[in-house]
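Asker: generate a structure from the sequence data that follows.
(one chain, ligands or ions: 1)
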Amino acid sequence: MKKILVLNGSPKNENSSTLTVTKAFVDGLIESGEYEVEYVNLSSLNIKPCTGCLSCWGRTAGECVIKNDDIPSFKAKIEEADIFIESYPLFFFGMPGTMKVFTDRMLSMMNTYRGQGAPEDGKSFHGIRNPKPERRFVIISSCAYTEASTIYEPLKMQYDYICGKGEYTFIGVPQLKTLIDLKNEKKITRYLSKFKEAGIEFAKNGKLSKETEDNLLKPPFTESGYKVFLDNFWTEEEEKGKNLK
Ligand SMILES: Cc1cc2nc3c(=O)[nH]c(=O)nc-3n(C[C@H](O)[C@H](O)[C@H](O)COP(=O)(O)O)c2cc1C
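Answerer: Numbering: from 1, shown residues only. The predicted model follows:
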């Protein structure tokens, strides 16, 4: 069986709304009968922050000197995976801090920086140290805002420089938490089905068409309807806060 490894980077662990979408996508992948999946909560891993020694680019090239945490075993899982999926919420237009700590520790997977110029044609700035072209990297990130096509630009630019344009699949999921909170099961099931379909497409083609990517970016609510939900939600929350006093 081929392996899917999912890193759930939401601090909400199993209650992550992003994870709901990720599971739908993975269901689609698994329908091919070719894959098995392992889910790992980032919060369950002991990860020490990068010390900035850059040994992984020189003296111990490809190897981080920090051995007494969960990164060596998790990195081995990534190396074995056929599809590695990062699943997390958008925090301040970027990845959550815990995901950034994890990402910094992946520096050993990148080629040493030797003063090369800025990448041309959208290639990875450093290049991957031991590239495994058949391995797929997918990022699934949900957010609260509506305008998913612009909101994710800073985050996608980071992955463009790390991995290279077109070397990863990015799935942005707008307005998600509200959709889940409203508990309209019919609407949720309908919405999730397009992510399952995307998983089926990905298992078949190893990528998503531009049409599918654009379709996944469409928010579940109209802008005006969503504004009403949010206004009501925060007014209720403020009332609850007053009752606490
Ligand atoms: C610290 C913090 C920062 C956030 N920043 C953004 C943001 O920049 N843009 C956005 O649309 N949503 C933002 N959100 C909302 C979350 O991305 C959104 O609720 C997400 O769907 C939660 O996913 P989860 O349930 O998987 O954790 C932020 C939430 C928190 C707690």
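Asker: residues from the chain in reach of the ligand?
Answerer: Contact residues, the chain versus the ligand (CB under 6 Å from any ligand atom): 10, 12, 16-18, 89-93, 142-145, 151, 176-177. The way it works is simple: take the backbone N, C-alpha and C, and place the C-beta from them, glycine included.
Asker: which of these fall within strands?
Answerer: 89, 142 (DSSP state E).
Asker: show me the shaky parts of this structure.
Answerer: By pLDDT under 70, the chain has no low-scoring segment.
Asker: on that earlier part again, buried ones among the residues of the chain next to the ligand?
Answerer: 10, 16-18, 89-91, 142-143, 151, 176-177 (16 or more other CB atoms under 10 Å).
Asker: where exactly do the strands run in the chain?
Answerer: Under DSSP E, the chain gives strands at 2-8, 35-41, 83-89, 136-142, 169-173.
Asker: adjacent strands (with direction) for the fourth one?
Answerer: Looking back up the chat, that one is strand 136-142. Looking at strand 136-142 with DSSP bridges, its partner strands are strand 83-89 (parallel), strand 169-173 (parallel).
Asker: in a markdown table: these, plus distance to Arg190.
Answerer: Formatted as a markdown table, the strands paired with strand 136-142 follow (distance: least, CB to CB, whole Å):
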| stretch | distance to Arg190 |
| --- | --- |
| strand 83-89 | 21 |
| strand 169-173 | 14 |
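Asker: contact partners for Thr98?
Answerer: The neighbourhood of Thr98, defined by CB atoms under 8 Å, 6 or more residues apart in numbering, consists of 9, 11, 42-43, 47.
Asker: typed the wrong thing, it's Asp27
Answerer: 196, 199.
Asker: picking that back up, and the contacts of Thr98, which two are the farthest apart?
Answerer: Spatial extent of these (CB to CB) is set by the pair Pro11 and Ile47 at 13.7 Å.
Asker: make a markdown table out of the buried ones among the residues of the chain next to the ligand and add distance to Arg59.
Answerer: Converted to a markdown table, these look like this (distance: CB to CB, whole Å):
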| residue | distance to Arg59 |
| --- | --- |
| Ser10 | 36 |
| Ser16 | 38 |
| Ser17 | 43 |
| Thr18 | 38 |
| Pro89 | 37 |
| Leu90 | 37 |
| Phe91 | 34 |
| Ser142 | 40 |
| Cys143 | 40 |
| Ile151 | 40 |
| Leu176 | 44 |
| Lys177 | 45 |
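Asker: what is the most widely separated pair among those?
Answerer: The largest separation in those, counting by CB to CB, is between Ser16 and Ile151 at 18.4 Å.
Asker: residues touching the closest residue to Thr169 other than its chain neighbours, list them.
Answerer: Distance criterion CB to CB, 6 or more residues apart in numbering; nearest residue to Thr169, sequence neighbours excluded, is Val138 at 4.6 Å. Listed by CB under 8 Å, 6+ apart, the contact partners of Val138 are 25, 83-86, 168-171, 202.
Asker: list just the nearest of the residues you listed to the ligand.
Answerer: Proximity of the contacts of Val138 to the ligand (CB to the nearest ligand atom) peaks at Glu86, which lies at 11.8 Å.
Asker: partner residues bridging the closest one?
Answerer: Counting by DSSP bridges, Glu86 forms beta bridges with Leu7, Ile139.
Asker: where along this structure do the helices fall?
Answerer: Using DSSP state H, the helices of the chain run over 17-30, 71-80, 97-104, 148-151, 153-163, 176-181, 185-205, 210-216, 223-244.
Asker: so which bits of the last one are buried?
Answerer: Of the residues in helix 223-244, those with enough neighbours to count as buried (16+ other CB under 10 Å) are Tyr226.
Asker: contacting residues around that helix?
Answerer: Applying CB under 8 Å, 6+ apart, the contact partners of helix 223-244 are 146, 175, 178, 181-182, 219, 221.
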